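Engineer: Model the following, please.
(one chain, ligands or ions: 1)
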Amino acid sequence: MIIFNFAMTSNNKVGIILDDDFSSKNVPPYPYPMFLSYETPLRIKAVIGYLEKNRIFDDERIIKLKPLPIEEEIIYLAHTKYHVDSIKALSSRGNGLLGEEVYVTEDTFELAKKAIGGAVSAVTSVINQKVNQSIALIRPPGHHALRETASGLCIFNNIANSILYLREKLQYNKKIAIIDIDAHFGDGLVQYFYDDPTILYFSIHEFDFVEGEIGFIDELGAGDGLGKSINFPIPLNSTDDDYLEFFDILEPILREFMPDLIIVAAGFDMYFADPIGNCLLTTISYYKFTEKLLKIAEGICEGKLTFILEGGYSLLGLPVCIHSVIQSLLKEKYKRPSFEYLDFSHNSKKNEILKIKSTLKNLLANFWTSIQ
Ligand SMILES: [Zn+2]
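Structural biologist: So this is what the prediction gives:
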């Protein structure tokens, strides 16, 4: 008997949203306060360099896309005019700090506007089925930005803004799920849709990083949106062995919610080498996360899935994490980077995570028939 060993790769088209400005502009101001200095153009430069080295852009399934050029009024969908005008005015003056966690340079306003355009391009290319999935390699990140103010390295809320663009400009009113995997709780993003029953927000974050005293498991949304904000906080030093436990809750809820589009708020700061995050994940977690989510997306929403970059500050880690996501979307075999032969299993936080999972399940059983 002859057994043909067909390759398991996919014909899916994956859009990558790119712009040279993301890898050259908005350099943290001198004297480079430590925390702020991590959100730098080198992040995107390192990713693109690594993807080029691995010949990702030679693959005909990869489609390079540009951020959608947007008018300033689009930013007002998600932000007050006062906030937008403040960023614009501060940018025109050049380098400075806005509180302890945000810097503004002469490039900030234009680059943050372009980042919104990148997120819009990521969601529209998928819902219009120009590509099957997409990844927006944009910065500055967005999920801490609030309607009225910048916060935590974020200027404008790229994901909230892209969803409001779909709602207001394209009359796209279908259900959307946001899966936020950044190490930090998306305290800005969650507030936009807290009482909106058409948006599911599911966040996995380190529980020392609950922001502004929010991000706990009993915050479940409000009004018609009750049960549709879900927080799965995980302990510091969680490992690859522990990480994907949240799928026992996420998968049934996604299948019950039946979104038309899944957006990943794609922060990679749970990577073991990240200078800000405190978890011990390696690329296998991001590969498997993507593999599982893609399978669910293909089952419920024709695979409409997009990754929009949030945090992730290791110049060694961010490129390999994003490469793993792309490999997984293309259904290529997982390849572990050579420097990642590390064993963190002695740090397993399985017991704590299982406790969190069962407590959260009890809370969610009131809202979801698929959760027992
Ligand atoms: Zn983060």
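
Engineer: what's the burial count for Met34?
Structural biologist: The local packing of Met34 (other CB atoms under 10 Å) involves 9 other residues. For glycine as for every other residue, the C-beta is placed from the backbone atoms N, C-alpha and C.

Engineer: how about it, secondary structure?
Structural biologist: Assigned with DSSP: H, G, I helix; E, B strand; the rest coil, Met34 falls in the coil class.

Engineer: so how far is Val27 from it?
Structural biologist: 15 Å (CB to CB, to the nearest Å).

Engineer: before we move on, what about Leu354?
Structural biologist: 44 Å.

Engineer: and what of Ala46?
Structural biologist: For Ala46, the distance to Val27 - CB to CB - is 15 Å.

Engineer: What parts of the stretch 251-372 of the chain come near the ion?
Structural biologist: By CB under 5 Å from the ion, the residues of the stretch 251-372 of the chain that approach the ion are 267, 269, 311.

Engineer: Can you list which of these are found in strands?
Structural biologist: If you go by DSSP state E, these have nothing in strands.

Engineer: For the residues you listed, could you give me TSV that also reports pLDDT and neighbour count?
Structural biologist: Formatted as TSV, these follow (pLDDT from 0 to 100; neighbours: other CB atoms under 10 Å):
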residue	pLDDT	neighbour count
Gly267	98	28
Asp269	97	28
Gly311	98	29
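
Engineer: Tell me the one among these nearest to Ala122.
Structural biologist: Gly267 (15.1 Å; CB to CB).

Engineer: Identify all contacting residues around stretch 324-340.
Structural biologist: Under the contact criterion CB atoms under 8 Å, 6 or more residues apart in numbering, stretch 324-340 has outside partners 8-10, 12, 14, 16, 51, 56, 59, 61-62, 133, 135, 266, 282-284, 286-288, 290-291, 294, 305, 307, 316, 320.

Engineer: ok, Ala46 and Val27, which is more surrounded?
Structural biologist: Neighbours were counted for Ala46 and for Val27 using other CB under 10 Å; Ala46 has more, 20 against 16.

Engineer: Contact partners for that one?
Structural biologist: Neighbouring residues of Ala46 by CB under 8 Å, 6+ apart: 315-316, 318-319.

Engineer: which element is the closest residue in space to Ser37 that isn't next to it in sequence on?
Structural biologist: Among residues not flanking Ser37 along the chain, Pro28 sits closest, at 4.7 Å (CB to CB, 6 or more residues apart in numbering). Assessed by DSSP states H and E, Pro28 sits outside every helix and strand.

Engineer: Would you agree Pro28 is in contact with Val104?
Structural biologist: No: using CB atoms under 8 Å, Pro28 makes no contact with Val104, being 10.3 Å away.

Engineer: more crowded one of these two?
Structural biologist: Taking neighbours as other CB under 10 Å, Pro28 and Val104 compare with Val104 leading, 26 against 20.

Engineer: Which SSE is immediately downstream of the biggest strand by length in the chain?
Structural biologist: Across the chain, the longest stretch assigned as strand under DSSP E is strand 199-206. Downstream of strand 199-206, the next assigned helix or strand under DSSP H and E is strand 229-234.
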